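Asker: sharing a model that was predicted from the sequence below.
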Amino acid sequence: MERDLALIGFGEAGSTFCAAARWAKPACAFDPDPSRKQAIEEAGISASTDVRSALADAWIVLSLVTADQALAAAQTAAAFLQPGACWIDMNSVAPDTKRRAAAAIEERGGVYVDAAILAPVRPAALNVPVLLAGNMAETAREELLSLGFTNVRVVGEKVGRASAIKLIRSVMVKGVEALTDEMMSAAEAAGVVDEVLASLDASEKSDSWFRRAAYNRERMATHGIRRAAEMEEAASTLQSLGVEPVMTQGTVRRQRAAAAPITTERNAA
């Protein structure tokens with residue numbers, strides 16, 4: 001390792017990356033949870049006692065804290081970064097939060113790179129897709145490749161672009177998970193799990209999301225009012241089964257809103 005590496009945060013992501021890469025000293029890590037000190041040492045790297053000591057000789061820093069601590073971590077670390085040291089913010093936070101963190105780092109002479117991890121780190125580990133954005137994103141890509149990461153791509157020079165891609169994508173990925181839970185809770189309560197899942201299997205189509213997104217939006221624009229009414233009945237069904245229709249009620253609003261422009265045009269005509 002040509003440059004010293006520091007990890008701020010040693011939870012699932014940090015520990016998984018470290019185990020896969022077999023980083024050794026002078027790499028180090030700091031985690032505010034003292035119970036993780038042993039895990040850091042067992043991974044073969046130094047366990048720093050605070051942020052200052054972790055960053056004393058670090059030129060590459062991976063910020064891997066919880067989302068609610070991402071901005072605070074950058075603001076705290078800014079005062080201790082070596083001039084020119086690269087802070088690679090891999091936390092799942094909003095683009096505006098990344099830009100505020102970048103301002104704190106760059107104000108003190110550090111280099112900030114917006115990074116977005118697009119899949120679970122287990123079991124992918126160093127093969128997990130990572131997007132980078134920022135003026136020094138290409139340099140950060142080369143550094144990450146030298147550290148063992150294999151699937152790193154630069155998506156632009158503006159901080160926030162990588163995190164925007166991840167979080168907007170998460171609207172679908174996490175939304176489908178939530179919809180699945182809502183559907184299954186109702187199906188279990190009604191005793192129709194096998195029938196519902198078999199029906200979904202029968203109607204499932206494999207298609208590009210470029211086509212699926214366009215098709216879904218066209219269907220909503222054309223039939224949104226009717227579909228909103230249908231989903232109101234679905235919401236009533238869930239309520240009768242004791243399942244709160246949180247996602248379903250959101251679908252009602254989205255379907256109706258998507259059809260509103262066409263409905264307005266027709267009424268005007």
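Answerer: Arrived safely, thanks for sending.
Asker: list the contacts for residue 46?
Answerer: Taking C-beta atoms under 8 Å, 6 or more residues apart in numbering, we find residue 46 in contact with 25-29, 40. C-beta here means a position set from N, CA and C on the backbone, and glycine is covered the same way.
Asker: and the residues you listed, which of them are buried?
Answerer: Neighbour-count burial (16 or more other C-beta atoms under 10 Å) applied to these gives 27-29, 40.
Asker: for residue 67, state which of the residues you listed is nearest.
Answerer: residue 29 (18.7 Å; C-beta to C-beta).
Asker: picking up where we left off before, which ones among the contacts of residue 46 lie within helices?
Answerer: Among the contacts of residue 46, the ones falling in helices (DSSP state H) are residue 40.
Asker: may I ask which two of the contacts of residue 46 are separated the most?
Answerer: Taking C-beta to C-beta, the two most distant members of the contacts of residue 46 are 26 and 40; they sit 13.5 Å apart.
Asker: confirm for me that residue 139 is in contact with residue 88.
Answerer: No. In this structure, residue 139 is not within contact of residue 88 by C-beta atoms under 8 Å, at 10.3 Å.
Asker: can you pull out the helices in the stretch 151-269 of the chain?
Answerer: Ranges of helices in the stretch 151-269 of the chain, per DSSP state H, counting those that start in this stretch, are 161-190, 193-203, 209-240, 246-268.
Asker: and of those, who's closest to residue 62?
Answerer: Of all the helices of the stretch 151-269 of the chain, helix 161-190 sits nearest to residue 62, with 14.3 Å by C-beta to C-beta.
Asker: can you point me to the longest strand in this structure?
Answerer: Identified as the longest strand of the chain according to DSSP state E is strand 111-117.
Asker: could I have it exported to PDB, CA atoms only?
Answerer: Coordinates of each C-alpha in strand 111-117 appear next as PDB, following Å, rounded to 0.1, in the frame of the first residue of the first chain:
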ATOM      1  CA  VAL A 111     -10.200  16.600  -1.300                       C
ATOM      2  CA  TYR A 112     -13.800  15.300  -1.200                       C
ATOM      3  CA  VAL A 113     -15.200  12.600  -3.400                       C
ATOM      4  CA  ASP A 114     -18.900  11.500  -3.400                       C
ATOM      5  CA  ALA A 115     -19.100   7.700  -3.500                       C
ATOM      6  CA  ALA A 116     -22.200   5.600  -3.700                       C
ATOM      7  CA  ILE A 117     -22.300   1.800  -3.000                       C
END
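Asker: just the residues contacting it, thanks.
Answerer: Identification of contacts with strand 111-117 by C-beta under 8 Å, 6+ apart yields 13, 74, 84-90, 92, 95, 98, 101-102, 105-106, 128-137, 139-140, 159-163, 165-166.
Asker: got the domain ranges for this protein?
Answerer: 3-157, 163-259 (the TED database).
Asker: residue 23 against residue 6, yeah?
Answerer: No. If you go by C-beta under 8 Å, residue 23 and residue 6 don't touch, sitting 10.5 Å apart.
Asker: compare these two (neighbour count), which wins?
Answerer: Using other C-beta atoms under 10 Å as the criterion, residue 23 and residue 6 rank with residue 6 on top: 28 against 20.
Asker: dump the residue contacts of the spatially most central residue of the chain.
Answerer: The centroid of the chain falls nearest to residue 92 when counting by C-alpha atoms, centre = their mean (4.4 Å). Residues in contact with residue 92 (C-beta under 8 Å, 6+ apart) are 67, 116-117, 163, 166-167, 170.
Asker: ditto for residue 79
Answerer: Counting by C-beta under 8 Å, 6+ apart, residue 79 has contacts residue 108.
Asker: show me where pLDDT drops low in the stretch 151-269 of the chain?
Answerer: Scanning the stretch 151-269 of the chain for pLDDT under 70 picks out 261-269.
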